[in-house]
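Peer 1: No sequence on hand, only this structure:
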Ligand code: SAM
C-alpha cells in the first residue's frame, strides 16, 4: 500500500476483510494519513432532523411513507432557527438540516426561509449543510444562492441491482436520478457529499469496494456512511437473518472509513450516528481511524423519538449542552479537539474549485 490512495480493487477487497494485526495496520495507516492531511481537529455539524414526512418508500428506512406507525412532524420555522442559534452560540461551526424527502413548493420555501434567516441571525458565520433528498436543479440552486454551502445525498449503494432490491420500482425511486442529482449538486457549486449503508442484506465486500471507488470517481468532497441497522417495521426486516452480527458490521464500517481516508486523504468524513447506535464509543473509534466530522443531534428533544430510522437510535439522557461537554472530554481523551467556531470546509472542495477555469 502506498500513501497516495492508489489502491487496486483487489487490495481494497482484501483490506475490507482484514482482521487482527492486518486490521490494526490498516487503521494506523489511515490515522497517519488523516493526521498529515486534515490534522486532529474535529468539526461539529449540529444535526437538525427537520421533518420525518417522506414521499419515498425505501425498504430499509423507518420513516418510509408506508410506515403508518410513525407520528409525523415538521419543525416550525422558529424551532429550526432556535436550534441554529443554539449551535452558533455553542461554537458549532455549522449545522446539518436533514429531512424526509418532500418535493413541493411549500417545502422548498420553508427550507429557503430557514437558510436565509440562519445567515442573518449568525452574521453568515454558520455553515449550512442540507440533506433533503432529490430535488430539482432549480431548487438546489435556490437553496445554494440563499446560503446553503454543502449538500449530503447518499447513493446508499453504488450497485444498481442492489439499489433496485432496496427501493420499490414505483417510478419514485431511481438509481440514475440519484446519480443525476449528485451531479446537479456538484454543478451548482455545493460541497457535495455522498455515502452508503454498510452491511446491507445481499451486499458483498466487492460491492463495498466498488462503493469506495465510486466515491473516488465522483470526486466527492465529503462522506457520511455508516452501518445498516434493521428496523422491524420495514420490508427489509425479513432479511435480517442474512446480516452480519452488529459488532462485525461496526468493524466493517470502520474499515470502510479507514480505506476511504487512504483513498481520499483531504475530504471530510463524518462519524455517523448509526456507529454510535451499535457501540457507545463507535463514533470515537471512527474518528481514530479517519473520520473528522461529528454530528451531535440538536433537534428539539420531543421530536427525536419520531425520527426513528432504525432500531437502537441513540437518545442521550444528557441535555445538548452536557452532551457537548461530554464529547469535548471524550475527544480530548483520544488526542483530538473540537474545531469550535470553524466551518470546517472540505479541503478537497477548495482544491477542486480553485483548479476550475
Ligand atoms: N431524505 C434524505 C435523503 O434521501 O437523502 C435524507 C434523510 S434519510 C432518512 C437519511 C439517511 O438515513 C439515508 O440516506 C439512509 O442512508 C439512512 N438510513 C435510513 N434507514 C437506515 C437504516 N435502517 N440503517 C442505517 N441507515 C439508514
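Peer 2: Structure's in. What do you need? Nothing here was measured: the structure is a model prediction, and the numbers come from that model.

Peer 1: Buried residues, the helix or strand hosting residue 211. List them.
Peer 2: In this structure, residue 211 sits in helix 205-217 according to DSSP states H and E. Judged by neighbour count (16 or more other C-beta atoms under 10 Å), helix 205-217 contains these buried residues: 205, 207-215. (Each C-beta comes from the backbone N, C-alpha and C, glycine too.)

Peer 1: check which helix or strand covers residue 60.
Peer 2: Assigned by DSSP H and E, residue 60 falls within no helix or strand.

Peer 1: remind me which residues of this protein are low pLDDT?
Peer 2: Of all residues in the chain, those with pLDDT under 70 make up the ranges 1-5, 356-357.

Peer 1: Nearest residue to the middle of it?
Peer 2: Centroid-nearest residue in the chain, with C-alpha atoms, centre = their mean: residue 224, separated by 2.8 Å.

Peer 1: Quick check: it touching residue 270?
Peer 2: Yes. Counting by C-beta atoms under 8 Å, a contact exists between residue 224 and residue 270, whose distance comes to 4.2 Å.

Peer 1: Name the residues contacting each of these two.
Peer 2: Listed contacts common to residue 224 and residue 270 are 195, 295; contacts here mean C-beta atoms under 8 Å, 6 or more residues apart in numbering.

Peer 1: Residue 110 and residue 295, how far apart?
Peer 2: Relative to residue 295, residue 110 is positioned 21 Å away (C-beta to C-beta, to the nearest Å).

Peer 1: Settle it for me: which of those two has more neighbours?
Peer 2: residue 295 (25 against 20; other C-beta atoms under 10 Å).

Peer 1: need the residues of this protein near the ligand, please.
Peer 2: Residues of the chain found near the ligand, taking C-beta under 6 Å from any ligand atom as the criterion, are 60-61, 63, 98, 100-101, 131, 133, 153-154, 156, 197, 228-229, 231, 274, 309-310.

Peer 1: PyMOL command for the buried members of those residues?
Peer 2: Remark: buried members of these, expressed as a PyMOL selection using 16+ other C-beta under 10 Å:
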select buried, resi 60+61+63+98+100+101+131+133+153+154+156+197+228+229+231+274+309+310
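
Peer 1: quick one, strands of the stretch 201-350 of the chain?
Peer 2: Secondary structure of the stretch 201-350 of the chain by DSSP state E, counting those that start in this stretch: the strands cover 222-227, 268-271, 293-294, 337-338.

Peer 1: How about residues contacting the first one?
Peer 2: Contacts of strand 222-227 with the rest of the structure, by C-beta under 8 Å, 6+ apart, involve 150, 152, 154, 191-199, 211, 215, 246, 249-250, 252-253, 256-257, 260, 264, 267-270, 272-275, 277-278, 293, 295, 346, 348-349.

Peer 1: Tell me the strands beside that strand, with direction?
Peer 2: The strands beside strand 222-227 in its sheet (DSSP bridges) come out as strand 191-194 (parallel), strand 197-198 (parallel), strand 268-271 (parallel).

Peer 1: For the first one, buried residues please.
Peer 2: Neighbour-count burial for strand 191-194, counted by 16+ other C-beta under 10 Å, picks out 191-194.

Peer 1: any idea which of the residues you listed is the one closest to the ligand?
Peer 2: Set against the ligand, the nearest of these by C-beta to the nearest ligand atom is residue 194 (9.2 Å).

Peer 1: mind listing what that closest one touches?
Peer 2: Residues in contact with residue 194 (C-beta under 8 Å, 6+ apart) are 152-155, 182, 215, 218, 220, 223.

Peer 1: what's the helix or strand for the closest residue to the ligand within the stretch 151-300 of the chain?
Peer 2: Residue nearest to the ligand within the stretch 151-300 of the chain (C-beta to the nearest ligand atom): residue 154, separated by 3.8 Å. Per DSSP H and E: residue 154 is located in neither a helix nor a strand.

Peer 1: That one and residue 27, how far apart?
Peer 2: When C-beta to C-beta is the yardstick, residue 154 and residue 27 sit 24 Å from each other.

Peer 1: before we move on, back to that, so which of the residues of the chain next to the ligand sit within helices?
Peer 2: Members of these lying in helices (criterion: DSSP state H): residue 274.
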